[in-house]
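> Kindly return the folded structure for what I paste below:
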Amino acid sequence: MTNERTVPLLPCASIDDIEAFYGVLGFRTTYKQRKPNACVGVQREDLHLQFFEIAGFDPEQSYGSCLVLTADIEGLHRAFAAGMRAAYGKVLVSGTPRMTRPRARKNADGLGGFSVIDPGGNWIRVFRDATTAPLPPAAPTAGRLAKALANAVVQADSRGSVGQAQRILDSALARPQADDDPVEQVEVLVYRAELALVLHDPETAAEMLARAQSVTLTEDESERAASAFDNAAELAAALR
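Here you go, the predicted structure:
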């Protein structure tokens with residue numbers, strides 16, 4: 001058989017909140033009912049999701065999750081981010097709902113990915129589809145800070161263990177070494193700021209962003225750190 005399709009069915013506390021949030025991300029409502037069971041379906045191009053409402057459901061305790069494979073994770077992230085900026089004035093990086101940035105995942109063979117955590121606490125995990133998109137070139141040998149960052153990304157972006165990711169980065173930052181790559185230092189500081197926002201610690205987030213801005217970089221290093229500084233700008237906007 002061919003052309004089978006699986007549509008995730010995920011829990012939530014309010015189908016109205018779900019419908020509104022996914023509308024911000026560019027989804028349209030395909031189905032909605034109140035009785036006998038409250039549920040809603042949304043669609044964005046070939047991406048279909050359905051949700052069912054549970055009275056008293058706590059999104060923070062949700063285990064709901066699904067994978068989305070796409071050839072263009074950056075394009076999809078840009079579209080979601082644009083929708084958030086239009087609706088909320090910023091990209092949501094903390095609380096529920098929120099969205100992480102595209103990053104390589106060492107626990108997914110280095111494939112890039114990002115996650116949307118929706119109002120139901122469901123993790124919509126977007127990954128590059130290696131069967132339809134070319135793999136990025138191999139990264140240069142990583143220094144100790146890059147390795148710490150990769151481990152922290154697995155903990156926070158994949159497993160939701162933000163506290164453990166924070167401890168990994170704090171340990172790495174507490175032991176600076178003369179041969180540390182300045183770009184890796186910026187990337188670690190900016191990601192640590194992002195984790196601080198998730199943990200509702202704006203003071204630490206602001207401190208880490210200030211430290212990242214103070215790192216001395218050559219012109220070439222500034223180009224390599226451009227993505228991290230783009231992220232820093234989003235985080236600074238979230239602090240306002």
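> Tell me which stretches of the chain form strands.
9-12, 28-33, 39-44, 47-53, 65-70, 98-99, 103-104, 112-117, 123-128 (DSSP state E).
> Can you name every helix or strand that the third one contacts?
Pointing back at strand 39-44 there. Packing contacts for strand 39-44, counted by 3 or more C-beta pairs under 8 Å, 6 or more residues apart in numbering; DSSP states H and E, involve helix 15-24, strand 28-33, strand 47-53. C-beta coordinates here come from the backbone N, C-alpha and C atoms, glycine included.
> just so I know, which of these lies nearest Val186?
For those, distance to Val186 was read as C-beta to C-beta. The smallest value, 30.2 Å, belongs to helix 15-24.
> chain center to that closest one, what's the gap?
Helix 15-24 has its average C-alpha position 18 Å from the chain's average C-alpha position, going by C-alpha atoms, centre = their mean, to the nearest Å.
> picking that back up, out of the strands of the chain, which gets nearest to Asp201?
Each of the strands of the chain was scored for nearness to Asp201 using C-beta to C-beta, and the closest is strand 98-99 (14.8 Å).
> Quickly run through the sheet partners of that closest one, with directions.
Counting by DSSP bridges, the strands paired with strand 98-99 are strand 112-117 (antiparallel).
> Strand 123-128 and the partner strand, what's the angle between them?
Here strand 112-117 points in a direction 160 degrees away from that of strand 123-128 (axes from the mean of the first three to the mean of the last three C-alpha atoms, to 10 degrees).
> so who does the spatially most central residue of the chain touch?
For the chain, the residue lying nearest the average C-alpha position, counting by C-alpha atoms, centre = their mean, turns out to be Thr100 (1.4 Å). Shown in contact with Thr100 (C-beta atoms under 8 Å, 6 or more residues apart in numbering): 93, 114-115, 156-157, 194.
> Please report the distance of it from Lys35.
36 Å (C-beta to C-beta, to the nearest Å).
> okay, the contacts of Thr100 in CSV with distance to Asn231, pLDDT and neighbour count next?
Written out in CSV, the entries for the contacts of Thr100 read as follows (distance: C-beta to C-beta, whole Å; pLDDT from 0 to 100; neighbours: other C-beta atoms under 10 Å):
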residue, distance to Asn231, pLDDT, neighbour count
Val93, 9, 90, 22
Phe114, 11, 94, 22
Ser115, 15, 94, 23
Ala156, 14, 92, 25
Asp157, 13, 87, 25
Glu194, 7, 94, 26
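> I appreciate the help and will end here.
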